[in-house]
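> Give me coordinates for this.
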Amino acid sequence: MTLTATAAPARTRRLTGFKPTGHLHLGNLLGALRPLIAAQDAADSVALIADLHAMTVEHDPAAVRELALEQVTLMLAAGVDPSRTPIVLQSHVAQHTELHYLLECVTGFGEAARMIQFKEKSAAGGPVRLSLLTYPVLMAADILLYDIAQVPVGEDQNQHLELTRTLATRFNTRYGHTFTVPDGVRPESAARVMDLAEPTAKMGKTSGSGTGRIGLLDPPEVVRRIISRAVTDDVAVVRRDPERQPGITNLIDILSACTGRPPTETGSYGVLKREVTDAVEALLTPIQARHAELVADPGHVRRVLADSADRVRPTAAATVRRARTALGLLD
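Next up, the predicted model:
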């Protein structure tokens with residue numbers, strides 16, 4: 001009998017991005033960080049802190065720096081392994097902005113102006129930064145720079161991913177194959193966490209009520225208060241019904257995501273809130289403890305960022321080199 005060696009399946013490249021415009025919250029952990037951590041053995045992932053994106057609106061420079069460091073520290077505390085998943089600060093890799101400009105040269109004004117953030121802010125009146133118009137092209141550069149094949153996306157990011165796919169395909173057609181055209185994926189382990197005070201709105205760093213957001217560094221008494229005040233309804237039945245009982249559905253889904261157990265539809269609203277509180281505290285306590293250890297060693301976090309940038313820079317440089325050559329620029 002002759003044995004034939006079977007080649008190992010190729011590892012998929014993924015990119016997950018975070019913008020340092022607010023503190024990471026429970027929705028970020030369950031919807032983005034945990035799927036990123038779960039995929040570390042099966043995919044070559046990049047975790048991107050998109051600090052350049054934070055400059056599309058009025059911002060506090062000190063806050064951007066502090067939030068970027070906080071996000072990196074929390075990623076490490078939650079279990080992102082930088083030896084497998086580099087954590088890249090966008091502004092540390094100059095090729096992001098170089099590829100941004102090269103992609104602008106194949107992007108139509110109308111395409112950029114149709115992006116929802118620019119449309120909404122420009123329609124509202126007042127000053128609008130040019131970077132808000134062009135940052136979806138920078139987002140495309142973030143993805144295409146690392147030959148990314150899969151991008152975990154929510155519904156609010158579909159438009160940006162489609163622009164990325166359009167630009168990559170157009171560039172490849174006009175100038176020869178240069179970029180990997182990425183696909184959007186929804187990880188099976190991702191949870192969609194809604195605002196506890198406004199359960200029809202997604203929990204967000206800067207959106208939502210603010211009173212229904214659980215930060216990853218919130219102390220136990222704050223977590224208990226937010227969950228105890230979570231919006232429910234008058235039905236008085238614990239069941240998963242997104243249309244008629246969005247608040248209860250959100251609590252059930254959070255409990256299931258935190259514990260890894262299938263959703264249960266028994267008990268009272270009070271019991272459900274106590275179970276959710278216990279599950280969230282059990283999830284956050286070790287992360288907060290590890291975060292405190294990392295904060296005491298800030299040099300370690302800085303080294304992670306430097307090492308990560310060094311690891312991804314050759315891939316980024318090779319991509320930009322291909323794009324420059326394709327466009328006709330001299331080496």
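> So residue 16 sits against residue 49, correct?
No: the pair residue 16 and residue 49 does not pass the contact test of Cβ atoms under 8 Å, sitting 10.5 Å apart. For glycine as for every other residue, the C-beta is placed from the backbone atoms N, C-alpha and C.
> Show me which of those two is the more surrounded one.
Neighbours were counted for residue 16 and for residue 49 using other Cβ atoms under 10 Å; residue 49 has more, 25 against 22.
> So what does that one have for phi and psi?
Main-chain dihedrals, residue 49, degrees, to the nearest 10: phi -90, psi 110.
> Also the one 3 residues further on?
Dihedral pair for residue 52: phi -70, psi -30, per degrees, to the nearest 10.
> Excluding residues flanking it in the chain, which one is nearest it?
Spatial nearest neighbour of residue 52, chain neighbours left out: residue 90 (5.0 Å); criterion: Cβ to Cβ, 6 or more residues apart in numbering.
> Test my guess that that neighbour contacts residue 47.
No: look at residue 90 against residue 47 with Cβ under 8 Å: they stay out of range, at 11.0 Å.
> does the closest residue to residue 148 other than its chain neighbours count as helix, strand or coil?
Closest residue to residue 148 apart from its sequence neighbours, by Cβ to Cβ, 6+ apart: residue 15 at 4.5 Å. Under DSSP: H, G, I helix; E, B strand; the rest coil, residue 15 falls in the strand class.
> What about residue 15, how many residues nearby?
Neighbours of residue 15 under the rule other Cβ under 10 Å: 23.
> what do you get for the one 5 residues further on?
Around residue 20 there are 25 other residues, counting by other Cβ under 10 Å.
> Where does the prediction get shaky in the protein?
Where the chain drops to pLDDT under 70, the residues are 1-10, 155, 207-209.
> Walk me through the domains of it.
For the chain, automatic domain parsing gives the domain ranges 12-190+297-327, 220-294.
> what's the closest of those to residue 201?
The minimum distance between residue 201 and those falls on domain 220-294, with 9.6 Å, by Cβ to Cβ.
> What is the subsequent helix or strand relative to the strand or helix carrying residue 160?
In this structure, residue 160 is located in helix 158-175 according to DSSP states H and E. Moving toward the C-terminus from helix 158-175, the next helix or strand (DSSP H and E) is strand 183-185.
> and the very next helix or strand once past that next one, what does it pack onto?
Next along the chain after strand 183-185, taking DSSP H and E as the criterion, comes helix 220-228. For helix 220-228, the elements it packs on are helix 269-295, judged by 3 or more Cβ pairs under 8 Å, 6 or more residues apart in numbering; DSSP states H and E.
> tell me what the helix it packs on is packed against?
Contact analysis of helix 269-295 by 3+ Cβ pairs under 8 Å, 6+ apart lists helix 61-78, helix 220-228, helix 246-259 as its packing neighbours.
> For the residue nearest to residue 148, give its distance to residue 62.
Residue 15 is 27 Å from residue 62, where distance means Cβ to Cβ, to the nearest Å.
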